[in-house]
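> the following block contains a protein sequence and its predicted model.
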Amino acid sequence: MVSMQAALWVVILLVVLALLFDFMNGFHDAANSIATVVSTGVLRPAQAVLFAAFFNVVAIFVFHLSVATTVGKGIADPGVVDVHVVFGALIGAITWNVITWLYGIPSSSSHALIGGIVGAVMAKAGAGALVSTGIIRTVTFIFVSPLLGYVFGSLMMVLVAWVCRRMAPNRVDGWFRRLQLVSAGAYSLGHGGNDAQKTIGIIWMLLISTGYASVNDKVPPNWVIISCYLAIGAGTMFGGWRIVRTMGQKITKLKPVGGFCAETGGAMTLFIATALGVPVSTTHTITGAIVGVGSVQRASAVRWGVAGNIIWAWILTIPASAFVAAVAYWLSLQLF
């Protein structure tokens, strides 16, 4: 057990660890926001990460904290959560993020965190301590978010093709090079709004479990909100170029019009999910949108083998991070 005297220091260390995860989330998922705008040549990588980071942070003024509430109170019974559970969840999520980053696999930081929470909670109290409605909604959107991204991305591509059917290709390219800045900004807003709130949620969960916040509070402390948005923005600024190559070039080759349609379709999906309070994967979403755009052009434009490898990473994310989290939970009992 953690003594009351040491509890504050443990909480501080776990908050720092959570912000490190948030930074890594931005670093790992930067590609989701900028891959298309970089691969189409609209922005250079350095410009793109600054652009995306700015909109990540601006999202603090746009979205309600519904995703943070889901993560903080809607995944596990708050009475079961303690510092050991939070430690296990964060270590599980961070470990899976590092592994997939090293191999350039665009997996889900979001589902790694959810898997980490599930694994640590089950290690302590079993499946009965999980909140089934929150788990079911999150797992359902593993399939729904890329499907929505696919549908919105492909519909946008069809709509744009019809609207621009009589325009010269050079003129279309010129217009959509400008419009892609709008779509990339919207997607980065959605990315910041959904992903920063997951870390807000786990820090809120930690503060509730240690008595530094009340379960009856409607929102977490302001310092938690601000620090999480700044952390994900900083992570995005450092980027993740290995994953940029996969997302922007290996799945399908995009032109500015395709990049605009993919980002717009992905942004629409993220805005819907965040409004519903569902912690979705920005990786799943933009991948589905890119595949939708590519398949409208022609099925052979999509490198389905690369997409298949990404899907395997999606399937493994929650169980893999849950397993590491369970091990980390038991280890933490010995450490503090």
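Received the coordinates, thanks.
> ok, residue 120 touching residue 88?
Yes. At 3.3 Å, residue 120 counts as touching residue 88 under the criterion of C-beta atoms under 8 Å. C-beta coordinates here come from the backbone N, C-alpha and C atoms, glycine included.
> ok, residue 319 touching residue 115?
Yes. In this structure residue 319 lies within contact range of residue 115 using C-beta under 8 Å: 6.8 Å.
> for residue 41, helix, strand, or coil?
Here residue 41 is recorded as coil under DSSP: H, G, I helix; E, B strand; the rest coil.
> what sits against it?
Shown in contact with residue 41 (C-beta atoms under 8 Å, 6 or more residues apart in numbering): residue 256.
> residue boundaries of the helices in the stretch 151-300 of the chain?
Ranges of helices in the stretch 151-300 of the chain, per DSSP state H, counting those that start in this stretch, are 169-209, 222-238, 241-245, 256-276, 282-297.
> columns distance to residue 55, mean neighbour count and mean pLDDT on top of these, output as CSV?
Formatted as CSV, the helices of the stretch 151-300 of the chain follow (distance: least, C-beta to C-beta, whole Å; neighbours: other C-beta atoms under 10 Å; pLDDT from 0 to 100):
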stretch, distance to residue 55, mean neighbour count, mean pLDDT
helix 169-209, 4, 23, 89
helix 222-238, 9, 21, 92
helix 241-245, 17, 19, 52
helix 256-276, 10, 26, 91
helix 282-297, 13, 28, 81
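> out of those, which is closest to residue 140?
helix 256-276 (10.9 Å; C-beta to C-beta).
> now do that closest one: which elements does it pack against?
The contact analysis (3 or more C-beta pairs under 8 Å, 6 or more residues apart in numbering; DSSP states H and E) places helix 256-276 against helix 4-39, helix 66-73, helix 132-163, helix 169-209, helix 282-297.
> in TSV, list the ones you listed along with distance to residue 331.
TSV is the format used below for these (distance: least, C-beta to C-beta, whole Å):
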stretch	distance to residue 331
helix 4-39	14
helix 66-73	23
helix 132-163	24
helix 169-209	18
helix 282-297	28
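> quick one: which of these is nearest residue 235?
Taking the helices and strands packed on helix 256-276 one by one with C-beta to C-beta, helix 4-39 is closest: 2.5 Å.
> and the next element down the chain from that closest one?
Per DSSP states H and E, helix 4-39 leads on to helix 45-58 as the next helix or strand towards the C-terminus.
> so what touches that next one?
26, 30, 33-34, 37-38, 43, 181, 184-186, 188-189, 191-192, 196, 229-230, 232-234, 236-239, 241, 244.
> about what we covered before: overlap in contacts of residue 120 and residue 88?
What both residue 120 and residue 88 touch, as defined by C-beta under 8 Å, 6+ apart, is the set 325-326, 328-329.
> just those: which are in helices?
Among the shared contacts of residue 120 and residue 88, the residues falling in helices (DSSP state H) are 325-326, 328-329.
> out of those residues, which two sit at the greatest distance?
The span of these, defined through C-beta to C-beta, is set by 326 and 328 at 7.3 Å.
> which of the two has more neighbours?
When neighbours are counted by other C-beta atoms under 10 Å, residue 326 and residue 328 differ, and residue 328 comes out ahead with 25 against 21.
> what pLDDT is listed against that one?
Looking at residue 328, its pLDDT is 95.
> and the residue nearest to it when sequence neighbours are not counted, what's its pLDDT?
With sequence-adjacent residues excluded and distances taken as C-beta to C-beta, 6 or more residues apart in numbering, residue 328 is closest to residue 91, at 3.7 Å. pLDDT, residue 91: 95.
> can I take it that residue 91 is in a strand?
No. Counting by three-state DSSP, residue 91 is not found in a strand; it is helix.
> and it, how many neighbours?
23.
> over to residue 14?
By the criterion of other C-beta under 10 Å, residue 14 has 22 neighbours.
> my guess is it meets residue 85, correct?
No. Between residue 14 and residue 85 there is no contact under C-beta under 8 Å: 10.3 Å.
> closest one to residue 129 among the helices of the stretch 151-300 of the chain?
helix 169-209 (12.4 Å).
> which one is residue 194 nearest to, not counting chain neighbours?
Of all residues not flanking residue 194 in the chain, residue 274 sits nearest, at 4.8 Å (C-beta to C-beta, 6+ apart).
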